[in-house]
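Visitor: Here is a sequence together with a model predicted from it:
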Amino acid sequence: MQCIHAKTLSEKRETRGLKVSKTGYFTHRDCWKHEMGPGHPECPERLDAIEDHLLVTGIADVLERYDAPEASLNDIELAHDRMHVAALRGLSDRLNEELNAGGPAYTQIDPDTSINAHTWKAALRAAGAALAATDAVMAGELENAFCAVRPPGHHACRDKAMGFCFFNNVAVAAKYALQRYNLQRVAVVDFDVHHGNGTEDILANDPRALMVSIFQHPFYPYSGDHNPAPNMVNVPVPAYTRGMDIRELIEMMWMPRLEAFKPEMVFVSAGFDGHREDDMGQLGLTEADYAWITQRVKDVARRFAKGRIVSCLEGGYVMGPLARSVEAHVRVLADL
């Protein structure tokens with residue numbers, strides 16, 4: 001998977017006495033084929049921006065690259081109702097039949113979310129990336145991993161697709177880690193500008209999971225601020241909250257709960273639409289803030305979870321800030 005140049009860089013770092021953190025990069029070309037129409041912000045160009053930037057900065061050279069497999073339906077159903085999975089597959093099959101007969105290219109799920117002929121495969125690859133990353137990290141092949149995938153997942157509820165999301169990649173992987181590896185405690189960290197309502201729906205009241213999140217509120221999907229379950233640490237913040245204030249809230253609200261919980265593995269819903277240059281939201285985060293948040297998550301993972309982190313791309317819709325923020329995130333994961 002790794003190129004010769006990557007090994008040379010790693011060897012150089014070892015000779016300088018630095019610990020080499022093996023970080024995986026999971027993606028698949030099928031994730032480019034899903035799209036929801038001209039002008040839609042959740043577009044394939046997001047992955048191009050990330051890949052191009054990681055290549056130009058040389059970071060791609062030090063990552064272990066993996067092609068994501070398709071998730072099995074049994075694993076998807078650890079987090080999703082079987083009828084939801086069957087309904088989505090049925091919609092996809094019907095769309096392809098109609099398309100072959102000259103029908104429309106898209107089927108609408110909600111006002112912002114639709115499928116095309118490739119969405120089903122892309123969604124299976126996105127969840128499959130999170131599952132394969134979990135396997136590689138649990139096997140000790142990698143310390144951590146970043147999944148550059150789309151469609152994103154954190155709005156997908158147990159029985160509902162919404163908000164650009166079809167399957168909840170992080171929740172599927174968290175449930176899989178608990179079942180497949182008999183873990184007792186997993187944490188989910190979500191720093192997307194939008195509340196991860198789907199992840200909360202799936203994990204609420206499961207004592208084996210702790211979810212910590214910070215998000216703009218009031219804002220889509222207008223949830224997360226009312227009587228959350230005991231295993232949910234929701235931190236709603238108003239528009240225009242700046243990075244230093246968010247750091248302070250994370251130290252006060254997230255860190256004591258994460259340290260008391262002692263997770264054996266950490267999953268990250270990595271949304272970068274809280275960046276101050278991303279007009280999808282109105283928060284004031286910068287690349288330095290995303291690096292700081294990632295380092296605090298990594299501190300918890302190294303202390304309690306043998307460094308085990310699987311991070312999955314969620315939001316981030318302005319190409320420059322998205323690419324630079326992913327770079328900041330991955331640099332910390334890879335100890336660069």
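Guide: Here it is on my side, so go on.

Visitor: okay, CA-based contacts and neighbour counts for the rest of this
Guide: Will do.

Visitor: and the strand or helix carrying residue 65, what other elements does it pack with?
Guide: In this structure, residue 65 sits in strand 64-67 according to DSSP states H and E. Judged by 3 or more CA pairs under 8 Å, 6 or more residues apart in numbering; DSSP states H and E, strand 64-67 is in contact with strand 23-27.

Visitor: The chain: helices as residue ranges?
Guide: Applying DSSP state H to the chain gives helices spanning 4-15, 30-33, 45-56, 73-76, 82-100, 119-138, 169-180, 197-203, 243-249, 255-261, 287-304, 319-333.

Visitor: Please identify the deepest-packed of those.
Guide: helix 119-138 (a mean of 26; mean count of other CA atoms under 10 Å).

Visitor: Low-confidence regions, the stretch 101-250 of the chain specifically.
Guide: Of all residues in the stretch 101-250 of the chain, none has pLDDT under 70.

Visitor: coming back round to it: so which of the helices of the chain is nearest residue 275?
Guide: For residue 275, the closest of those is helix 319-333, at 6.9 Å, according to CA to CA.

Visitor: Can you show me the CA trace of that closest one as PDB?
Guide: What follows is helix 319-333 as a C-alpha-only set of coordinates in PDB (Å, rounded to 0.1, in the frame of the first residue of the first chain):
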ATOM      1  CA  MET A 319     -12.600  23.600  -1.100                       C
ATOM      2  CA  GLY A 320      -9.600  25.600   0.200                       C
ATOM      3  CA  PRO A 321     -10.600  25.600   3.900                       C
ATOM      4  CA  LEU A 322     -11.700  22.000   3.700                       C
ATOM      5  CA  ALA A 323      -8.400  20.800   2.200                       C
ATOM      6  CA  ARG A 324      -6.300  22.800   4.600                       C
ATOM      7  CA  SER A 325      -8.400  21.700   7.600                       C
ATOM      8  CA  VAL A 326      -8.100  18.000   6.600                       C
ATOM      9  CA  GLU A 327      -4.300  18.500   6.300                       C
ATOM     10  CA  ALA A 328      -4.200  20.000   9.900                       C
ATOM     11  CA  HIS A 329      -6.200  17.000  11.200                       C
ATOM     12  CA  VAL A 330      -4.200  14.400   9.400                       C
ATOM     13  CA  ARG A 331      -0.900  16.000  10.400                       C
ATOM     14  CA  VAL A 332      -1.700  15.500  14.000                       C
ATOM     15  CA  LEU A 333      -3.000  11.900  13.500                       C
END
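
Visitor: Residues contacting it, please?
Guide: Defining contact as CA atoms under 8 Å, 6 or more residues apart in numbering, one finds that helix 319-333 is touched by 21, 23, 45-46, 49-50, 53-54, 59, 144-146, 272-273, 275, 277-278, 286-288, 290-291, 294-295, 298, 316.

Visitor: ok, now which ones touch the nearest residue to residue 312 once chain neighbours are set aside?
Guide: With sequence-adjacent residues excluded and distances taken as CA to CA, 6 or more residues apart in numbering, residue 312 is closest to residue 147, at 4.7 Å. Counting by CA under 8 Å, 6+ apart, residue 147 touches 25-27, 126, 129-130, 133, 310-313.

Visitor: I'd like the helices of the chain as JSON lines, with distance to residue 226 appended.
Guide: Listed next are the helices of the chain as JSON lines, based on distance: least, CA to CA, whole Å:
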{"stretch": "helix 4-15", "distance to residue 226": "47"}
{"stretch": "helix 30-33", "distance to residue 226": "34"}
{"stretch": "helix 45-56", "distance to residue 226": "33"}
{"stretch": "helix 73-76", "distance to residue 226": "28"}
{"stretch": "helix 82-100", "distance to residue 226": "26"}
{"stretch": "helix 119-138", "distance to residue 226": "29"}
{"stretch": "helix 169-180", "distance to residue 226": "21"}
{"stretch": "helix 197-203", "distance to residue 226": "12"}
{"stretch": "helix 243-249", "distance to residue 226": "18"}
{"stretch": "helix 255-261", "distance to residue 226": "19"}
{"stretch": "helix 287-304", "distance to residue 226": "25"}
{"stretch": "helix 319-333", "distance to residue 226": "30"}
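
Visitor: Residue 233 is nearest to which of those?
Guide: helix 255-261 (8.0 Å).

Visitor: Which elements pack onto that closest one?
Guide: Helix 255-261 packs on no helix or strand, going by 3+ CA pairs under 8 Å, 6+ apart.

Visitor: Next, count neighbours for residue 108.
Guide: 12 (other CA atoms under 10 Å).

Visitor: so it touches residue 119, yeah?
Guide: No - using CA atoms under 8 Å, residue 108 makes no contact with residue 119, being 11.9 Å away.

Visitor: ends of stretch 181-189, how far apart?
Guide: 20 Å (CA to CA, to the nearest Å).

Visitor: distance between that stretch and the chain's centre?
Guide: 16 Å (CA atoms, centre = their mean, to the nearest Å).

Visitor: related to what we said a few turns ago, do you know how far the residue nearest to residue 312 is from residue 26?
Guide: In terms of CA to CA, residue 147 sits 5 Å off from residue 26.

Visitor: Could you name every residue contacting both of those two?
Guide: With CA under 8 Å, 6+ apart, residue 147 and residue 26 have common neighbours 129-130, 133.
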